[in-house]
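*Asks:* pasting the sequence and the predicted model now:
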Amino acid sequence: MDAFAELSRLPPFAGWRRDSLTALAQALRPFEAPLGAQLFRQNDEAHGMHLLVGGRVAIESRTLADGVVRLAELGPGDLLGEFQLMDSGRRSAGALVLIPACGFTLDRQTFQRLIFVGDSATAALARHVRGLACTRTRATLATLAAAPAASGEVRAAPESSPSASEDKGEPRHAMLHALHQFQGFAPEDIEQLMAAGAVLSAPRGAILAHADAAPEHLWVVMRGAVRLGLQRPDGVEQLLIQGPGKIAGAVAALDGLNQPARLDIWEEAILLALPCAVVQALNAADDPGAARFMDLVGRQLAADLRTLSRRQGRQRSLAALNAREAAYV
């Protein structure tokens, strides 16, 4: 297969410059898989993504009742395992070939190497994958919100909440640089991030963003913890807790749409608040400093989506188990 010719006709790469397509094509490796093959299995160690050029593949997850739930069917132009380019880990679902498939693979090691040397084609692919992660996260949160809250996950919400305020302490550059996620950053990159945002001090219970609120910031947690949750009639259903070095609010900051869920302070926190305009400028840039920060954002998006997808999978598994039990009654 001619990687350049195939890429140029696929929707995800429409509008790409010829030099960008050529550069990406050189990093891809072809694959073919017969009917019934497993491209990868749930819980396999993930090494990268597959780009489908032909055929059809089912994405499936095993259930609590040892059954299988089909999550999606993908065809030409679709990506599989794309989030593993941003965050290494294990596959959250398997991929079964329904119609003999062919396409290309891109391993994470090659992707990361190209990102950090400022390769524009890889940077464009990374932006595309981050956009997909935002879309997928919103869809997953909407599905979770439409279902009853998970047992034991709803916490009482205070009738009133305190507010975050500007941090009046000493400069926090060293605090940010000391976090292991930021230790590879150059001092000038840390300086630029700190200058672009504002450091906030936030007590437990402070609300950073309500669901459906217009986006204003992305938050880097330097101390304490931020919670992402769904508002329920009897409180807040707790979905994610972001501790030091983690990033909160990335979805709305990147796609510019309203907040998909509530964000509040779980433990008294010190945060770096970056305006959405700054985040979007970093996302559009190809320089290594911006790429390093957006790599962190991408890792957070991928890790969060993996956690939320597993929760959704458990939700579907319970529904399937309950339906099976009801059929025997």
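*Replies:* Looks like it arrived, so ask away.

*Asks:* going by C-alpha atoms from here, please, whenever you check contacts or count neighbours.
*Replies:* Fine.

*Asks:* can you give me the helices in the chain?
*Replies:* 3-8, 18-27, 108-115, 120-146, 173-178, 187-196, 250-255, 276-284, 288-327 (DSSP state H).

*Asks:* give the buried residues for stretch 144-151.
*Replies:* Of the residues in stretch 144-151, 144-145, 149 count as buried by neighbour count, 16 or more other CA atoms under 10 Å.

*Asks:* I'd like those residues laid out as JSON lines, including distance to residue 47.
*Replies:* Listed next are these as JSON lines, based on distance: CA to CA, whole Å:
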{"residue": "144", "distance to residue 47": "28"}
{"residue": "145", "distance to residue 47": "32"}
{"residue": "149", "distance to residue 47": "34"}
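
*Asks:* and of those residues, the nearest to residue 52?
*Replies:* residue 144 (28.7 Å; CA to CA).

*Asks:* residue ranges in the stretch 1-150 of the chain under the pLDDT threshold?
*Replies:* 63-66 (pLDDT under 70).

*Asks:* how about the residue nearest to residue 142 when sequence neighbours are not counted, what does it touch?
*Replies:* If the residues on either side of it in the chain are set aside, residue 142 comes closest to residue 260, at 7.9 Å by CA to CA, 6 or more residues apart in numbering. Shown in contact with residue 260 (CA atoms under 8 Å, 6 or more residues apart in numbering): 138, 141-142, 211-212, 251-252.

*Asks:* what's the spacing between residue 260 and residue 310?
*Replies:* 18 Å (CA to CA, to the nearest Å).

*Asks:* related to what we said a few turns ago, compare the helices of the chain and give me the one nearest residue 157.
*Replies:* helix 120-146 (16.9 Å).

*Asks:* what's the angle from that closest one to helix 288-327?
*Replies:* Angle, helix 120-146 to helix 288-327, by axes from the mean of the first three to the mean of the last three CA atoms, to 10 degrees: 30 degrees.

*Asks:* show me the shaky parts of the stretch 151-300 of the chain.
*Replies:* For the stretch 151-300 of the chain, the ranges with pLDDT under 70 are 159-160.

*Asks:* 90 instead, please
*Replies:* Scanning the stretch 151-300 of the chain for pLDDT under 90 picks out 151-171, 184, 234, 285-289, 291.

*Asks:* how close does the residue nearest to residue 211 when sequence neighbours are not counted sit to residue 302?
*Replies:* Sequence neighbours aside, residue 261 is the residue nearest to residue 211 in space, at 4.2 Å (criterion: CA to CA, 6+ apart). From residue 261 across to residue 302, the span is 17 Å (CA to CA).

*Asks:* with residue 177 instead?
*Replies:* Counting by CA to CA, the gap from residue 177 to residue 302 is 23 Å.

*Asks:* still on that earlier bit, tabulate the contacts of residue 260 in a markdown table, adding columns for neighbour count.
*Replies:* Shown next, in a markdown table, are the contacts of residue 260 (neighbours: other CA atoms under 10 Å):
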| residue | neighbour count |
| --- | --- |
| 138 | 18 |
| 141 | 19 |
| 142 | 14 |
| 211 | 16 |
| 212 | 13 |
| 251 | 24 |
| 252 | 23 |
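
*Asks:* want to throw these into a markdown table with distance to residue 39?
*Replies:* Converted to a markdown table, the contacts of residue 260 look like this (distance: CA to CA, whole Å):
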| residue | distance to residue 39 |
| --- | --- |
| 138 | 26 |
| 141 | 27 |
| 142 | 29 |
| 211 | 37 |
| 212 | 38 |
| 251 | 29 |
| 252 | 32 |
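
*Asks:* which one among those residues gets closest to residue 75?
*Replies:* So of those, ranked by how close each gets to residue 75 (CA to CA), first place is residue 138, at 22.0 Å.

*Asks:* I figured residue 255 was touching residue 132, is that so?
*Replies:* No - at 10.0 Å, residue 255 does not count as touching residue 132 under the criterion of CA atoms under 8 Å.

*Asks:* residues near residue 289, how many?
*Replies:* 20 (other CA atoms under 10 Å).

*Asks:* leaving out chain neighbours, which residue sits closest to it?
*Replies:* Nearest to residue 289 is residue 189, by CA to CA, 6+ apart, at 6.1 Å.

*Asks:* about what we covered before: looking at the helices of the chain, which one is packed in the most?
*Replies:* helix 250-255 (a mean of 22; mean count of other CA atoms under 10 Å).
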